[in-house]
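K.L.:
Give me the fold of what follows.
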Amino acid sequence: IFLNEINRILPMFVLQKRTAIEILTKQQHSYLFNFNSSQQVKQFMSFIMNTNLQFPTEKFLNNLTDSWCKRLISNFEYLTWLNLLSGRTFNSAYSYPVFPWILCDYSSKTINLEDPKIYRDLSKPIGVLNPTRLQKLKNLRNDNVEEDNNFLYRSTYSCAFHVFHYLVRLEPFTSLHIVMQDGKFDVAHRLFSSILNSYERVTSTFFNFRELIPEFFFNSDFLVNFDKFTFGGGIDDVEIPPWSKSPIDFIYKNRRALESEIVSAHINEWIDLIWGYKQTGQAAEDADNVFDPHLYPNVWKRYL
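P.N.:
As a prediction, this is how the structure comes out:
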């Protein structure tokens, strides 16, 4: 990689440690480098600082947000940048970009994207969308009086397992899924087989709070079993909602929903939950957005 080809360098986390950097080039390529230690990262960055390369700054983020507010960039582009600047990357399933569930109707035969009723409440984390489940989770928390268990959710909204789950029909994620499942596909009823089924799981079960990945808004290939993998249980392509004519049509309508006026007016509330002031502290507690403490990077400082 020639220095004059580099467009931007971003700091990245790998396994809860800030030991990596991602290089973005003017040719629209990206490269993730994970060093042996944070000290090596500092040495590399010290060398790079002597060049004229660009680094993310508060001014850059402010300009990015200003452009988004003025509708100069799309919701998709803004969320992509927030993922990159927070250390998430397409180059690592362990810190893959996270996007929200946008819609809540996956069973109707037709859909009106101007109807507010078909949209998920973006001011609430996935775990709050079903009041009955939320109350049960609170009861479980209250019954457990251990100090370190004062939280609602034992699993996170994004992890490598979720990425392999959604992208199981596409290599290299198929092979990575098999490795994670000890040399075989997961049991059929747990595989990603239906959009409706997936939404029902994330809004009803006690251990599933996963959000979406960016592919739900730009790539329909992961919904089709082009390689004809044998999953068992009669599972083949992903079952799409009745209001979709095809996988491509589903992605198109989901993307239109993401860029709708309704979502544009509320997506900042979801951003607050993932990257903003509702991540931790009293604001997170008030929003019922509290996860197992081991899912937060700062907890691991005591071990590293």
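K.L.:
Check the secondary structure at W81 for me.
P.N.:
helix (DSSP: H, G, I helix; E, B strand; the rest coil).
K.L.:
go on, K109?
P.N.:
Counting by three-state DSSP, the backbone at K109 sits in coil.
K.L.:
Could I get the contacting residues of it?
P.N.:
P242, W243 (CB atoms under 8 Å, 6 or more residues apart in numbering). Every C-beta, even on glycine, is put in place using the N, C-alpha and C of the backbone.
K.L.:
I'd like the distance between it and I118.
P.N.:
13 Å (CB to CB, to the nearest Å).
K.L.:
wait, what's in contact with the most centrally placed residue in the chain?
P.N.:
The chain has V98 as the residue nearest its centroid, 1.5 Å off, counting by CA atoms, centre = their mean. When the contact criterion is CB under 8 Å, 6+ apart, the partners of V98 are N83, R88, Y157, S158, E211, L212, I213, I274.
K.L.:
swap in H165?
P.N.:
H177, D186, L191, F192, R210.
K.L.:
does the residue lying closest to A283 once chain neighbours are set aside count as helix, strand or coil?
P.N.:
Leaving aside its sequence neighbours, A283 sits nearest to Y277 (CB to CB, 6 or more residues apart in numbering; 5.2 Å). Y277 falls in the coil class when you classify it by three-state DSSP.
K.L.:
hang on, Y277 packs against A287?
P.N.:
No - using CB atoms under 8 Å, Y277 is not in contact with A287, being 9.6 Å away.
K.L.:
Specify which residue of those two has the higher count of neighbours.
P.N.:
In this view Y277 and A287 are compared by other CB atoms under 10 Å, and A287 has more residues nearby, 18 against 12.
K.L.:
From P125, how far out is the residue nearest to the more buried one when sequence neighbours are not counted?
P.N.:
Nearest non-adjacent residue to A287, counting by CB to CB, 6+ apart: K278, 4.7 Å away. Distance, K278 to P125, using CB to CB: 9 Å.
K.L.:
list the residues that contact both of these two?
P.N.:
With contacts taken as CB under 8 Å, 6+ apart, K278 and P125 have A287, N289 as neighbours in common.
K.L.:
quick one, which of these two is more surrounded?
P.N.:
The residue with more neighbours, out of K278 and P125, is P125; 25 against 22, by other CB under 10 Å.
K.L.:
any idea how far that one lies from L223?
P.N.:
To L223, P125 is 25 Å away according to CB to CB.
K.L.:
Output stretch 36-53 as CSV, restricted to C-alpha atoms.
P.N.:
The C-alpha coordinates for stretch 36-53 follow below in CSV (Å, rounded to 0.1, in the frame of the first residue of the first chain):
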residue,chain,number,x,y,z
ASN,A,36,0.8,-7.9,18.8
SER,A,37,0.4,-5.1,21.3
SER,A,38,-0.9,-1.6,21.8
GLN,A,39,2.8,-0.5,22.0
GLN,A,40,3.3,-1.6,18.4
VAL,A,41,0.3,0.4,17.3
LYS,A,42,1.8,3.5,19.0
GLN,A,43,5.0,2.9,17.1
PHE,A,44,3.2,2.6,13.8
MET,A,45,1.1,5.6,14.4
SER,A,46,4.1,7.6,15.5
PHE,A,47,5.6,6.9,12.0
ILE,A,48,2.4,7.7,10.3
MET,A,49,1.9,11.0,12.1
ASN,A,50,5.0,12.3,10.3
THR,A,51,3.1,12.0,7.0
ASN,A,52,0.1,14.1,5.8
LEU,A,53,-2.4,11.3,6.1
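K.L.:
Please enumerate residues in contact with it?
P.N.:
Around stretch 36-53, the neighbours that count as contacts under CB under 8 Å, 6+ apart are L3, I6, R8, I9, P11, K17, R18, T19, A20, I21, F35.
K.L.:
Wait, the last one touches T19, no?
P.N.:
Read it as F35. Yes - look at F35 against T19 with CB under 8 Å: they come within range, at 5.1 Å.
K.L.:
so which helix or strand takes in the nearest residue to I240 once chain neighbours are set aside?
P.N.:
Spatially, and ignoring its direct neighbours in sequence, I240 is nearest to F250 (4.6 Å; CB to CB, 6+ apart). Assigned by DSSP states H and E, F250 falls within helix 247-258.
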